[in-house]
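**Q** sequence and predicted model, in that order:
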Protein chains: 2
Amino acid sequence: MRRWNGWGDEATVVELPANGAMFLAERISEGQPLPDASLEQVLARVPASRLAPHPLISLDAETRVRHARGQSLPDWLAMREGDFGLFPDGVAFPETPEQIRQLLGLAVERDLVLIPYGGGTSVAGHINPQAGERPVLTVSLERMNRLMELDEDSQIATFGPGASGPQVESQLRARGYTLGHFPQSWELSTLGGWVASRSSGQQSLRYGRIEQLFAGGTLETFAGPMALPTFPASAAGPDLREVVLGSEGRFGVISEVRVRVTRLAEQESFYAVFLPNWSQALKGIRSLAQARVPLSMLRLSNAIETETQLALAGHPGQIALLEKYLALRGAGAGKCMLTFGVTGNRAQNAASLKQARRLLKGFGGVFTGTLLGKKWEHNRFRFPYLRHALWSAGYVVDTLETATDWTNVDSLLNKIEASLRTGLKEEGERVHVFTHLSHVYGEGSSIYTTYVYRPGGSYAEALARWSKLKRAASEVIAQNRGTISHQHGVGRDHAPWLPVEKGPLGMAALRSLAQHFDPEGRLAPGVLLED
Amino acid sequence: MRRWNGWGDEATVVELPANGAMFLAERISEGQPLPDASLEQVLARVPASRLAPHPLISLDAETRVRHARGQSLPDWLAMREGDFGLFPDGVAFPETPEQIRQLLGLAVERDLVLIPYGGGTSVAGHINPQAGERPVLTVSLERMNRLMELDEDSQIATFGPGASGPQVESQLRARGYTLGHFPQSWELSTLGGWVASRSSGQQSLRYGRIEQLFAGGTLETFAGPMALPTFPASAAGPDLREVVLGSEGRFGVISEVRVRVTRLAEQESFYAVFLPNWSQALKGIRSLAQARVPLSMLRLSNAIETETQLALAGHPGQIALLEKYLALRGAGAGKCMLTFGVTGNRAQNAASLKQARRLLKGFGGVFTGTLLGKKWEHNRFRFPYLRHALWSAGYVVDTLETATDWTNVDSLLNKIEASLRTGLKEEGERVHVFTHLSHVYGEGSSIYTTYVYRPGGSYAEALARWSKLKRAASEVIAQNRGTISHQHGVGRDHAPWLPVEKGPLGMAALRSLAQHFDPEGRLAPGVLLED
């Protein structure tokens, strides 16, 4: 069963290896575990619903608890403490576009606020109810999860918006296809959520971001369904798909998603290469992207992330042997791990692998074969579970991400890390910070930074520390030509920084669209655009 | 010098070979040349300007003539007859964003209509003045054509919006880079125009459409400059670049364009393959696209286009030999010519070529090497000049284009061709119609159809015939899941069909944006959205 107060399925437990705990204690200090609340305690605090009963709506307290929060760090703390603050007044589970339209009608009729809800995996506060006089109805799309049509000639699949990553892939795989969209939240996040928040998957280098995969579909608006037809490309005016992408529920509820799919590849492998230092590593990964070597995935950990990953991997004996080998080949202290994938037919993959190896050799790369690549593949969706392991050990972990042009990647990365590393100086606390680049483009790269800190003695203190760190890093991103999000969206947590990158005229254009689609401000208020 | 009444430079003359004229006479009938007007005759008809003199504005009659029309067929007929109808009241040549802002201010102050003007190559009526009480000022961006910055790390070049294809490429080439955007209008069309109308180039398979190349820039609006920052990718809300792309001058004037550029490739070659028939050819090209073979260009002519191209190529002796060879190999009557390119480093190109040859062999493809590929490369921008050759021979030629999903490509293509081929039945005229696919995607393809007909005895009749043909084909496109334009934009000529694909809610969203940016309707009125 899905956890009500954390990530993923209760049956999946990720443990911190003994040497991992030592590693963190050395870098941060001993952990400070905080006590968790029970579900019963939370249920006792759920207030009466302000909604009248309706056949499409559940007013059940546990259902309301389970749809009140996402997966941001403030959400995590609220859930662990059992102090949710606000709950939706009810949760609807529409099964058809027609039922979504009924719910939109109900919102007008009964003066409700609606929150479209996919997998509840937002890490930016997309789905949390806001305080207000209007009752809040969360609209979960989880029952609209079927592959409804597969056009094999055009390689377009039509899905319900609530299909989760596994539901998308298993239904496609049965027919010999893949979407190829694998965000880290893949186990729980949904197609509609990916579209609404402009998601990117680990193999975006081959398959593209959701922007490239989203071929069309339907947005249910207060004025009726807005159909987005599928065309391979069009010069017929501004692309309205790009207005729906990233709309985060503000303009309507996505009721149908058409995506571009691909035949399952003949072969796929992942490889690890160690570069002697960050400077060489950065040049290497940029060269791979700009030379358009047809790889399917690229991920480069900086030296601290490499060190941390090796420490948290367990098997210290094997790791020591590996490090000895790498040091002999020139990749000693300061080394950076680069993981890459090739996906496609065997001939193309062989050619791509050869190109990548040759190019990386020029930057001092030490190739280690597929063993660590396989490990990456095996663990590719397990990182979110690590929050549990760290929490039990008395640490808080969060991540943040941006993207910027290559000229700015190194500088921005350093500034972000520094802002976090020194962010709790006043508290006399050390923060362990490390970074990888996991989506690279000819123009630049995403920057994905993880930070681990101690919660202090209380939930309030843990949240205050997070707020301080998050604010400092977000400010650095916004003031230094980074986008406030490369793959997680804006939600409420990033909304204060959106005006820096959109500018006053860009914000005015977005507000005018929001006003056009939702003049009464009923849809996900406060999300994307601050009220 | 650039022609005032047709395409390109006066020094470039394309002739119809003798056997080409015979070929058309057999298929259509003898040509019917119409007399051309002289520039002097047109100048005598230019009315007084309604604009007061201004240092940024030319009121010169010839300048007004040269900016009154684009390159659509109605434009062509108007220019050849010398019956322009309307002229702009003046033409401004701003040299800086600041001067563009001055002109926007002037428009408000003096109640003017502004028409942003790039290379004047629109084939959809983007830049023609409309009748109305407000004076019309055309804003030519031709003086803003410089490469202002090249960020080699991020591979981003910053240009003035008025840089033409050759200006873009020559300035980049000097630094070892290319944009790789080569629409057929490349000699005259401009970067700003490509962005405003969502252009696509012949090598979009490698470099992407202008949507993928446009990294950011600035749009001058009535409320001030709207900056679009460059990010390699972003999840921070709807993408405002995609609102500017295809805005066709309705929301503002593009004053700066940042584009993603690529190092010049080590090697580039183009090859021709003949497929035995259309059905095999279609399967072959779809397979190439869906297998993601890293080619840089793909173009497939249907049987009639193949026959027509070979007839119009001249050298009938050599062509006869080629056809004999092809027939022996199984590509006889009904054969279809496919041209493809590989661009990149030698190793990758060799691998791509091998994959493409093997794949096409499976569909009966007969490979002919690089000779015809080189011919295509040499002539790649010469097709627009053919209108002159045909006109002198007494024929009218026009093209139209769309894109649709693979399931629909063959059906839509046949319907378009049929609507044109039988479109002048009532007049007792035959229309020679042929088609190629020149932009292919995993999801589908563009369809580019050329039609040649006789003008009848007069300009009025030539235009009436065109209107009939264009309307019939556009109706077929709109009613059969084609986009009204894959690469030429909407302008005024396609505006009546835009609501079919955008839908009433999509149109309302676009109108609300137009209203937001230009509440007084001063910018390119009637373009994109019908008034």
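**A** Yes, it's here.
**Q** in the stretch 401-531 of chain A, which spans are helices?
**A** Ranges of helices in the stretch 401-531 of chain A, per DSSP state H, counting those that start in this stretch, are A:406-421, A:459-479, A:498-517.
**Q** backbone dihedrals for residue A:150, both of them.
**A** phi -130, psi 110 (degrees, to the nearest 10).
**Q** leaving aside the residues adjacent along the chain, what's closest to it?
**A** Counting by CB to CB, 6 or more residues apart in numbering or on different chains, residue A:150 lies nearest to residue A:157, which is 5.0 Å off, once chain neighbours are set aside. All C-beta atoms are positioned from the backbone trio N, CA, C, and that covers glycine.
**Q** list the helices and strands the helix or strand harbouring that neighbour packs on?
**A** Using DSSP states H and E, the element containing residue A:157 is strand A:156-159. Applying 3 or more CB pairs under 8 Å, 6 or more residues apart in numbering or on different chains; DSSP states H and E, one finds that strand A:156-159 contacts strand A:147-151, helix A:165-173, strand A:253-260.
**Q** domain-wise, how is chain A divided?
**A** A:48-140, A:147-263, A:267-380, A:384-479 (automatic domain parsing).
**Q** okay, these, which one's buried deepest?
**A** Comparing the domains of chain A by mean neighbour count (mean count of other CB atoms under 10 Å in any protein chain shown), domain A:147-263 ranks first with a mean of 23.
**Q** what's the average pLDDT for that one?
**A** The average of the pLDDT scores along domain A:147-263 is 98.
**Q** any idea how far the most far-flung residue of chain A relative to its centre lies from residue A:362?
**A** Distance from the C-alpha centroid of chain A peaks at residue A:328, with 37.3 Å (CA atoms, centre = their mean). For residue A:328, the distance to residue A:362 equals 20 Å [CB to CB, to the nearest Å].
**Q** any bit of the strand or helix carrying residue A:288 sitting next to chain B?
**A** Assessed by DSSP H and E, residue A:288 sits inside helix A:278-290. Yes: contact between helix A:278-290 and chain B is present through A:286, A:290 (criterion: CB under 8 Å from any CB of the partner chain).
**Q** sorry, back to before: export only the CA atoms of the strand holding residue A:157, formatted as CSV.
**A** The C-alpha trace of strand A:156-159 is given here as CSV (Å, rounded to 0.1, in the frame of the first residue of the first chain):
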residue,chain,number,x,y,z
ILE,A,156,0.7,8.0,-31.2
ALA,A,157,-0.9,6.6,-28.0
THR,A,158,-4.0,8.1,-26.4
PHE,A,159,-4.1,7.8,-22.6
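**Q** who does residue A:151 bridge with?
**A** residue A:156 (DSSP bridges).
**Q** contacting residues for residue A:429?
**A** Residues near residue A:429 by CB atoms under 8 Å, 6 or more residues apart in numbering or on different chains: A:28, A:29, A:453, A:454, A:456, A:465.
**Q** what do you get for residue A:163?
**A** Residue A:163 touches A:144, A:145, A:146, A:147, A:171, A:190, A:191, A:257, counting by CB under 8 Å, 6+ apart.
**Q** mind listing residues that contact the strand holding residue A:157?
**A** With contact meaning CB under 8 Å, 6+ apart, strand A:156-159 is reached by A:145-151, A:168, A:171-172, A:177, A:179, A:191, A:215, A:217, A:230, A:256-261, B:405, B:443.
**Q** and if you look at stretch A:524-531?
**A** Stretch A:524-531 has contacts (CB under 8 Å, 6+ apart) with A:113-116, A:125-127, A:130, A:132, A:246-250, A:489-492, A:495-496, A:498, A:507, A:510-511, A:514, A:521, B:237.
**Q** show me the contacts for the closest residue to residue A:353 other than its chain neighbours.
**A** Of all residues not flanking residue A:353 in the chain, residue A:342 sits nearest, at 5.5 Å (CB to CB, 6+ apart). Contacts for residue A:342 (CB under 8 Å, 6+ apart) come out as A:267, A:268, A:269, A:271, A:294, A:295, A:296, A:348, A:349, A:352, A:353, A:356.
**Q** about what we covered before: what's whichever helix or strand comes after the helix holding residue A:288 packed up against?
**A** Scanning forward in sequence from helix A:278-290 by DSSP H and E, the next helix or strand is strand A:297-301. The contact analysis (3+ CB pairs under 8 Å, 6+ apart) places strand A:297-301 against helix A:204-207, helix A:278-290, strand A:336-344, strand A:432-437.
**Q** so which strand or helix has the closest residue to chain B within the stretch 1-150 of chain A?
**A** Proximity of the stretch 1-150 of chain A to chain B (CB to the nearest CB) peaks at residue A:124, 9.2 Å away. Per DSSP H and E: residue A:124 is located in neither a helix nor a strand.
**Q** now residue A:178: how far from residue B:69?
**A** Distance from residue A:178 to residue B:69, by CB to CB: 50 Å.
**Q** next: residue A:27.
**A** For residue A:27 relative to residue B:69 (CB to CB), the value is 70 Å.
**Q** repeat for residue A:63
**A** Using CB to CB, residue A:63 is found at 64 Å from residue B:69.
**Q** do residue A:62 as well
**A** When distance is defined by CB to CB, residue A:62 is 69 Å away from residue B:69.
**Q** for residue A:78, same thing?
**A** Taking CB to CB, one finds residue A:78 at 65 Å from residue B:69.
**Q** got it, and residue A:515?
**A** Distance from residue A:515 to residue B:69, counting by CB to CB: 39 Å.
**Q** equivalent analysis for residue A:253, please.
**A** 46 Å.
**Q** could you pull out the strands in the stretch 51-200 of chain A for me?
**A** A:57-58, A:90-92, A:113-117, A:136-140, A:147-151, A:156-159, A:177-178 (DSSP state E, counting those that start in this stretch).
**Q** right, and those - which one's nearest residue A:6?
**A** strand A:113-117 (17.7 Å; CB to CB).
**Q** which other helices and strands contact that closest one?
**A** helix A:97-110, strand A:136-140, strand A:253-260.
**Q** residue A:110: what's it in contact with?
**A** Per CB under 8 Å, 6+ apart, neighbours of residue A:110: A:51, A:52, A:135.
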